[in-house]
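In: structure for the following, please:
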Amino acid sequence: MSSFISNVSAMNKKKLQKLAESLSKTAKHFNKHEVHCLIKLFNVLMGEQSEQRPKNGLDRSKFRNILHNTFGMTDDMIMDRVFRAFDKDNDSYVSIAEWIGGLSVFLRGTLDEKIKYCFEVYDLNGDGYISREEMFHMLKNSLIKQPTEEDPDEGVKDLVELTLKKMDHDHDGRLSYTDFDKAVRDENLLLEAFGPCLPDAKSTLAFESQVFQENNEL
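Out: Numbering: from 1, shown residues only. Down below sits the predicted model:
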């Protein structure tokens, strides 16, 4: 991120402004200046990728580095799922449009948008439900293992059952989008029940401050 301010975009100013104007029409929560700044950051990040790789967008490795270094994410499974949530066309790259659209929800999304995004992250197999098995894998992955426990899996299974009891409103042993939506609206803390997949307020403020406020060269 430190090289962002000093780097000059590879795209010429006219082309950059045209792209910013186009993308700002579809970016719900960013103005034209902010879109412009995010495009410049995207170009810097693209330039840091290996020249050997095709330039279709940010690859999985680069994107995970951003999640880890900028937003403090550490859970490999969750970072992979966040990448997939951004990569709408599933081509293994985050394009410029996917970058702007994804960050719009990631940084400034409405509750509706964040519920949809988190459910997508947690629905590991994409079948429209968060199953017991999916909950188990995510919770086991994110919880700190206690060395004194004889069988930590039992503790995770108990937590899955407690979570289902609280969130599974139709009592079918899995969470539908409707179940998840209702549970989160009743108690907002359940939005990230299966692992942190959104940035905290401090990381968001630091990112926006560096990218938007310190880069005023339009």
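In: pLDDT score assigned to Ala201?
Out: pLDDT for Ala201: 94.
In: okay, now it: neighbour count?
Out: 7 (other Cβ atoms under 10 Å). In short, each C-beta sits where N, CA and C put it, glycine included.
In: next: Lys13.
Out: 11.
In: am I right that Asn43 is in a strand?
Out: No. The assignment for Asn43 (DSSP: H, G, I helix; E, B strand; the rest coil) gives helix, which keeps it out of a strand.
In: how close does it sit to Leu139?
Out: Between Asn43 and Leu139 the computed distance is 38 Å (Cβ to Cβ, to the nearest Å).
In: next one: Ala97
Out: Per Cβ to Cβ, Ala97 is found 33 Å from Leu139.
In: also Thr204?
Out: Thr204 is 25 Å from Leu139, by Cβ to Cβ.
In: and Asp59, by the same measure?
Out: Separation of Asp59 from Leu139 (Cβ to Cβ): 29 Å.
In: Trp99 now?
Out: 30 Å.
In: who's more crowded, those two?
Out: Comparing Trp99 with Leu139 by other Cβ under 10 Å, the one with more neighbours is Trp99, at 22 against 18.
In: buried ones in stretch 40-49?
Out: 40-46 (16 or more other Cβ atoms under 10 Å).
In: okay if I get those as JSON lines plus pLDDT and distance to Phe106?
Out: Shown next, in JSON lines, are those (pLDDT from 0 to 100; distance: Cβ to Cβ, whole Å):
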{"residue": "Lys40", "pLDDT": "91", "distance to Phe106": "18"}
{"residue": "Leu41", "pLDDT": "94", "distance to Phe106": "14"}
{"residue": "Phe42", "pLDDT": "94", "distance to Phe106": "14"}
{"residue": "Asn43", "pLDDT": "90", "distance to Phe106": "19"}
{"residue": "Val44", "pLDDT": "90", "distance to Phe106": "18"}
{"residue": "Leu45", "pLDDT": "92", "distance to Phe106": "15"}
{"residue": "Met46", "pLDDT": "90", "distance to Phe106": "19"}
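In: turn these into TSV, including distance to Glu34.
Out: Below are those laid out as TSV (distance: Cβ to Cβ, whole Å):
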residue	distance to Glu34
Lys40	11
Leu41	11
Phe42	13
Asn43	15
Val44	16
Leu45	16
Met46	19
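In: tell me which element the residue most central in space within the chain falls in.
Out: Geometric centre of the chain, nearest residue: Val82, 4.1 Å, by Cα atoms, centre = their mean. Following DSSP states H and E, the helix or strand that holds Val82 is helix 76-86.
In: helices or strands up against that helix?
Out: When contacts are defined as 3 or more Cβ pairs under 8 Å, 6 or more residues apart in numbering; DSSP states H and E, helix 76-86 sits against helix 60-71, helix 96-108, helix 111-122, helix 132-142.
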